[in-house]
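Peer 1: quick one: sequence plus predicted model below, questions after.
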Amino acid sequence: MFFQITKAATPLTGCRRQLILRSLSSSTNNIQIEVDNKTGFATVSMNRPPVNLLNLELINSLTRSMKEMEQNKSRGIILTSTSNSVFSGGLDIKELYRPDVQRLREFWTAFQDMWLAWYGSAVPTAALINGHSPAGGCVLATCCEYRVMLPKFTIGLNEAKFGLVPPPVVRISFKNVLPLRIAELALCQGKLFTSNDALNIGLIDELAKTKEEGYEKCVKFLQTFRKVDPVARSLTKQQFRGKDLDDLRKGKQKDLNDFVEHVTQDDIQMRLGLYLEQLHNRKKK
Ligand SMILES: CC/C=C\CCC/C=C/C(=O)SCCNC(=O)CCNC(=O)[C@H](O)C(C)(C)COP(=O)(O)OP(=O)(O)OC[C@H]1O[C@@H](n2cnc3c(N)ncnc32)[C@H](O)[C@@H]1OP(=O)(O)O
């Protein structure tokens, strides 16, 4: 069994009684799942301190938790993080820098599977973006159907800034949310938007002052499907997203080969090394 179920009070709503499902599959316990007994909605919290970097293990946990939620016929999922300042810092660049090619292939295959699971989820999804959400963090948020963000953080696809060319899946979920021209410019500029600017361009749907308020807004969104037939809802969503999903399923091998070829280029490796150094030295200046 993937999850153990224990009862606990919720950190989100204080009094509402919930079930907490803890991941047993990973020694790092990198995901926490809570199910609200009243609404039936599950909150999936990324829990990989300090900044929820998406390494192979966290990516696999995200995919497995989505599959588990679908099997349990969850009525809605809220994706968030246990951190106070970061939703997800994006891909763990250490997975890309001087990689073992076998692990790099495994890593990108896992990322493809996570994208397929979250972008194509049969269950309604909302992202409660309670902190910074660059690159891979933004991909995860834009896989969801609705985004509520706390103020004074940043979100966007900044890959171009450090020399990475975003693969198709990264563009697709971004393009699904934003007007094409804004998506193209933002990607080419490697732009990170403040919460306010993200709201103005439509990258997020609502702002919330606190995590609790954000949670309630996500719940309100998920409740809009309460009187809708879940099968009709899910098939309608598939009509919008099915082609993107099929394209990746059919092109998975090529996408993987292109990714590995791109990331292992000497020039890209040099840039990734410099970026890691820059991140490490950021606070020392
Ligand atoms: C062909 C391939 C193309 C695309 C692939 C798919 C698309 C996705 C790409 C990505 O996601 S690439 C990653 C992009 N992410 C970023 O650029 C974010 C960089 N990080 C930050 O801006 C900040 O760290 C922060 C997320 C805003 C959090 O700031 P905070 O002050 O809270 O933490 P701090 O900066 O001190 O970081 C803590 C610790 O983590 C290290 N770190 C941060 N981000 C990364 C990262 N993405 N990969 C690896 N390591 C990272 C940082 O150096 C600190 O570690 P240290 O204390 O040991 O130095």
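Peer 2: Perfect, thanks for sending it.

Peer 1: name all residues that make contact with Gly89.
Peer 2: With contacts defined as C-beta atoms under 8 Å, 6 or more residues apart in numbering, Gly89 is in contact with 51-53, 132, 134, 137. C-beta here means a position set from N, CA and C on the backbone, and glycine is covered the same way.

Peer 1: so of these, which ones are in helices?
Peer 2: With helices identified by DSSP state H, the entries of the contacts of Gly89 that belong to them are Gly137.

Peer 1: contacts with the ligand among the contacts of Gly89, please.
Peer 2: With C-beta under 6 Å from any ligand atom as the criterion, the subset of the contacts of Gly89 in contact with the ligand comprises 51, 53, 132, 134.

Peer 1: what does this structure put close to the ligand?
Peer 2: Counting by C-beta under 6 Å from any ligand atom, the residues of the chain that sit close to the ligand are 50-51, 53, 85-86, 89-94, 132, 134-136, 158-159, 164-167, 170, 259, 262-263, 279-280, 282-283.

Peer 1: quick one: buried ones out of those residues?
Peer 2: If you count burial by 16 or more other C-beta atoms under 10 Å, the buried members of the residues of the chain next to the ligand come out as 51, 53, 86, 89-93, 132, 134-136, 158-159, 164, 166-167, 170, 259, 263.

Peer 1: now, which of those lie within strands?
Peer 2: With DSSP state E as the criterion, strands contain Pro134 from among those.

Peer 1: just the residues contacting stretch 102-122, thanks.
Peer 2: The list of residues contacting stretch 102-122 from outside it, by C-beta under 8 Å, 6+ apart, reads 54-56, 59-60, 62-63, 66-67, 70, 77, 79, 91, 95-96, 99, 125, 136, 139-140, 143-144, 169, 172-173, 234, 237-238, 241, 244-245, 248-249, 252, 255-256, 259-260, 263-264.

Peer 1: any chance you could map the helices in the stretch 151-285 of the chain?
Peer 2: For the stretch 151-285 of the chain, the helices identified by DSSP state H, counting those that start in this stretch occupy 168-175, 180-189, 195-201, 211-223, 230-263, 266-281, in order along the chain.

Peer 1: low pLDDT regions in the stretch 1-150 of the chain?
Peer 2: Scanning the stretch 1-150 of the chain for pLDDT under 70 picks out the ranges 1-28.

Peer 1: buried subset of the contacts of stretch 102-122?
Peer 2: By neighbour count, with 16+ other C-beta under 10 Å, the contacts of stretch 102-122 hold 54-56, 59-60, 62-63, 66, 77, 79, 91, 95-96, 99, 125, 136, 139-140, 143-144, 169, 172-173, 234, 237, 241, 244-245, 248, 255-256, 259, 263 as buried.

Peer 1: gap between the two ends of stretch 183-203?
Peer 2: With C-alpha to C-alpha, to the nearest Å as the measure, the ends of stretch 183-203 fall 9 Å from one another.

Peer 1: next: stretch 220-230.
Peer 2: The distance separating the two terminal residues of stretch 220-230, taken as C-alpha to C-alpha, comes to 17 Å.

Peer 1: list the buried residues for that stretch?
Peer 2: Buried positions in stretch 220-230, judged by neighbour count with 16+ other C-beta under 10 Å: 221-222, 225.

Peer 1: show me which positions of stretch 173-189 end up buried.
Peer 2: When burial is assessed from 16+ other C-beta under 10 Å, stretch 173-189 yields the following buried residues: 173-175, 177-178, 182-183, 186-187.

Peer 1: which residues are in contact with it?
Peer 2: With C-beta under 8 Å, 6+ apart, stretch 173-189 has contacts from 115, 119, 138-139, 142-143, 147, 156-157, 159-160, 166, 171, 191, 193, 201-203, 240-241, 244.
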